[in-house]
Each structure stands twice: as structure tokens, then as C-alpha cells.
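>>> sequence plus predicted model, see below.
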Amino acid sequence: MIDPRDIDISELVLQQPPFRFVDRLESYTPEQAEVSFTPGEGNLLMEDGCLCAAGVMEHMAQANAARLGYYCKYVLRVPVDIGYIGQIRSFSLSRLPKAGERMTTTVLLRYEMFRVSLCDITVRSGEEVIATANIKTATKGD
């Protein structure tokens, strides 16, 4: 299997700059993925030098999209599918990430059936947990 760190993230997520909120898929297993992102001053959803809460949520959704993109392209060997956020529950944000601050996000798959997945997502800066949520997403399919 190909090392996810060697893949251009644009192969895995359909969002393109300036609305891309993931930089790299760091690791992948069928149950868990890790994604990194460093917001910059030019990113959309930056306010006063920090990524706003909506930006953190979008990053979480795109982290899950990177997991799904890898699964589609490199496991199933089918085109990457369009995804939709169905629900965000239990969103907790201890602080906003600053421009230039590298975030590492873990996506833990809890449930998947009929193109719907439920994931627990944790965003860290170093060892500090800065955000968590439970996100339900669905993919379009043919």
C-alpha cells in the first residue's frame, strides 16, 4: 500500500485552495487516519490571526474527507466521491488555532453503513487537545 504521506492531498480531497483546510494525510488504517494542517494568514476563515470555529469544523470535515479519499482511491480503487456534512455533535473548542500553528487531527471511524460514516475527531496542537467533535458525513455515490 502506498505511504499516505507521499500523496498530494489534492488527490484525496475535492476542496481546492483557498478553501482547503488540510495539508497532508499523515497515516491511514481502515479505522483511523491522521491529518495535518497549518493555517496561514491568507486562509479563508481566519479572523484576527486565528482560524475561526467554523474553520476548525471545516478542517475536521476535510480531515475525514482525506480519510475517505484514501479509502476510495487506494483501497477500493474508485474515484474520490463528493461528501457532505450531515451532522456535527459534541463540538468542543478550547481555543482557536493561530496562523502558522501546525494542527494534527485524528479521525476515528466509529460506524459506517450505506455511504454514511460517523467519526470521532480530535484536533491537537502538539500534545494539547484544542477541539473535538463527533461528525456524521455521507458520500454521494452513483
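Nice, I can see it. Numbering: from 1, shown residues only.
>>> report the central residue of the chain.
Ala63 (1.0 Å; Cα atoms, centre = their mean).
>>> my read: it touches Tyr28, true?
No: counting by Cβ atoms under 8 Å, Ala63 does not reach Tyr28; the two are 11.5 Å apart. Any C-beta I mention is one placed from the backbone N, CA and C, and that applies to glycine too.
>>> in the protein, what spans have low per-residue confidence?
For the chain, the stretches with pLDDT under 70 are 1, 141-142.
>>> hmm, back to that, any idea which element the residue nearest to the centre of the chain lies in?
Using DSSP states H and E, Ala63 maps to helix 53-70.
>>> centre of the chain to that helix, how far?
Chain-centre distance of helix 53-70: 2 Å, with Cα atoms, centre = their mean, to the nearest Å.
>>> send me it as CSV with only the CA atoms.
Taking C-alpha atoms only, helix 53-70 is exported to CSV below (Å, rounded to 0.1, in the frame of the first residue of the first chain):
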residue,chain,number,x,y,z
ALA,A,53,-14.5,28.0,14.9
ALA,A,54,-16.2,27.4,11.5
GLY,A,55,-12.7,26.9,10.0
VAL,A,56,-11.9,24.3,12.7
MET,A,57,-15.1,22.5,11.9
GLU,A,58,-14.4,22.6,8.2
HIS,A,59,-10.9,21.3,8.9
MET,A,60,-12.4,18.4,10.8
ALA,A,61,-14.8,17.6,7.9
GLN,A,62,-11.9,17.8,5.4
ALA,A,63,-9.7,15.5,7.6
ASN,A,64,-12.5,12.9,7.3
ALA,A,65,-12.7,13.6,3.6
ALA,A,66,-8.9,12.8,3.3
ARG,A,67,-9.5,9.5,5.1
LEU,A,68,-12.4,8.7,2.7
GLY,A,69,-10.4,9.8,-0.3
TYR,A,70,-7.6,7.5,0.5
